[in-house]
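Engineer: Everything below, folded, please.
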Amino acid sequence: VVSPAEPLRIPVLDLTRFPGSNRQAEALRLASDEAVRPFDLDSGPLFRATLLKLDAEEHLLLITVHHIVSDGWSTRVLYRELEMIYAALASGRPSPMAELPIHYGDFAVWQRQWLQGETLTSQTAYWKRRLEGMPPLLEVPTDRPRPAIRRHQGASYSMEIPHRLTEELKAVGQRENATPYMTLLAAFQTLLHRYTGEPDLVVGTPIANRTRPETVNMIGLFANTLVMRTDLSGDPSFRGALGRVRINALGAYAHQDLPFERLVEELHPERDHRHNPLFPVMVAYQNLPGTVSAEPGAGLTISPVEVTRGTAKFDLTLYVFESGQGLSTTWQYDTDLFEAPSIAR
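Structural biologist: Numbering: from 1, shown residues only. Down below sits the predicted model:
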């Protein structure tokens, strides 16, 4: 947190000294370096910003925030408020932002007070029952042997799911009273079943966890990780598999308040530097608002820039993003385990 007495000072790097053809490459290099520069959790700050000047009218703003104080939803809130304040100041108007009814510290205190006693016991008991007898690890076939120590080196592969197929996917879910996420998760776990031969499938998934209306416009780490376990034994049809996924997902949503780190403490999974605890595969369905567009009349055009970080938190993570054209996907994978052609296939 930056106090009013200590304003955030944003360094400005002038890249106009580089030839025009090299400026974008230099900007992307700086952005990639900034994305992996570590934070000092003891002294902070946990929010960094740098402005790169490409020419008189074009700038690239690098914003780096530690995940411990922010999440994907918060990023959209930050972009929207930055856009609104910029537009107001550019036209000589005061900031239009209203005072928040509560702050993240208030939410943290409320969560600690609420998540104890019978509530904590009930939440914990559900997950212990749900994950009892869970397989120790989902072994997805890899191209290379698993190294003794993970380096978290990664790459990504992106592909588009066309609009027509996306609509068909949604229609299947609607017929079964399932959300697009549930339908996609059923397809993804079916795919994992085909590759592993395992009927008991466990993957992780993030959830916004903003169940109170006061938290919608707040910046902070509200997101939680849920363990999604599906039993595909008995060779069910896809309709049957989707029904199982739906029931499991609804149960997980009803018990989403138990922090994942608390769940790990309760379950005491076997620790191994080669693996993530509980699951090695993650699926993240992102249905947040789309790209940022500046307020009309602001004299500002905003577009995101994709930065390659070269890391992988899990063996395999499937990111799915909703757009007007359909679904876009990014497969992030550990390059110590997988080769690019395998991921594309």
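Engineer: make it CA atoms for all contacts and neighbour counts henceforth
Structural biologist: Noted.
Engineer: Please compute how far stretch 120-136 lies from its chain's middle.
Structural biologist: Between the mean C-alpha point of stretch 120-136 and the mean C-alpha point of its chain there is a distance of 24 Å (C-alpha atoms, centre = their mean, to the nearest Å).
Engineer: That one - what's its average pLDDT?
Structural biologist: Model confidence over stretch 120-136 averages 94 on the pLDDT scale.
Engineer: in that stretch, what counts as buried?
Structural biologist: Neighbour counts using 16 or more other C-alpha atoms under 10 Å place Gln123, Thr124, Trp127, Arg130 of stretch 120-136 among the buried residues.
Engineer: you'd agree the first one is in a helix?
Structural biologist: Just to be clear, that refers to Gln123. Yes: under DSSP: H, G, I helix; E, B strand; the rest coil, Gln123 sits within a helix.
Engineer: check contacts around it.
Structural biologist: His255, Asp257, Leu258 (C-alpha atoms under 8 Å, 6 or more residues apart in numbering).
Engineer: From these, which land in helices?
Structural biologist: When helices are assigned by DSSP state H, not one member of those lies inside them.
Engineer: Counting neighbours, which of the residues you listed comes out on top?
Structural biologist: Ranked by neighbour count (other C-alpha atoms under 10 Å), those have Asp257 at the top, with 23 neighbours.
Engineer: Arg210 contacts Phe222, doesn't it?
Structural biologist: Yes: using C-alpha atoms under 8 Å, Arg210 and Phe222 qualify as a contacting pair, with a distance of 6.4 Å.
Engineer: thinking again about what came up before, farthest-apart pair in the buried residues of stretch 120-136, please.
Structural biologist: Across the buried residues of stretch 120-136, the two members that end up farthest from each other (C-alpha to C-alpha) are Gln123 and Arg130, 10.8 Å apart.
Engineer: Run the chain-centre distance for stretch 96-103.
Structural biologist: That offset, for stretch 96-103, works out to 25 Å (C-alpha atoms, centre = their mean).
Engineer: Okay, now that stretch: how far is its last residue from its first?
Structural biologist: Terminal residues of stretch 96-103 are spaced 18 Å apart (C-alpha to C-alpha, to the nearest Å).
Engineer: where does Ser3 land on pLDDT?
Structural biologist: Listed pLDDT for Ser3 reads 49.
Engineer: With the one 5 residues further on instead?
Structural biologist: pLDDT, Leu8: 72.
Engineer: What of Ala298?
Structural biologist: In this model, Ala298 is scored at 63, pLDDT.
Engineer: repeat for Ile149
Structural biologist: On pLDDT, Ile149 comes in at 85.
Engineer: Helix or strand: which one has it?
Structural biologist: Element membership of Ile149, judged by DSSP states H and E, is empty: it is in no helix or strand.
Engineer: Look at Arg210 and Phe222 and report which has more neighbours.
Structural biologist: Phe222 (24 against 17).
Engineer: Contacts only, for that one.
Structural biologist: Counted by C-alpha under 8 Å, 6+ apart, Phe222 has contacts Ser70, Asp71, Ala208, Asn209, Arg210.
Engineer: which stretches of the stretch 1-150 of the chain form helices?
Structural biologist: Chain-ordered helices for the stretch 1-150 of the chain, with DSSP state H, counting those that start in this stretch as the definition, fall at 20-36, 72-90, 104-114, 117-130.
Engineer: Now Val281: phi and psi?
Structural biologist: phi -120, psi 140 (degrees, to the nearest 10).
Engineer: meant to ask about Gly154, not that
Structural biologist: Its backbone dihedrals place Gly154 at phi -140, psi 170, with angles given as degrees, to the nearest 10.
Engineer: Give the burial count for it, as a bare number.
Structural biologist: Residue neighbour count, defined by other C-alpha under 10 Å, stands at 21 for Gly154.
Engineer: Ok, Pro11 next?
Structural biologist: Using other C-alpha under 10 Å, the number of residues around Pro11 comes to 11.
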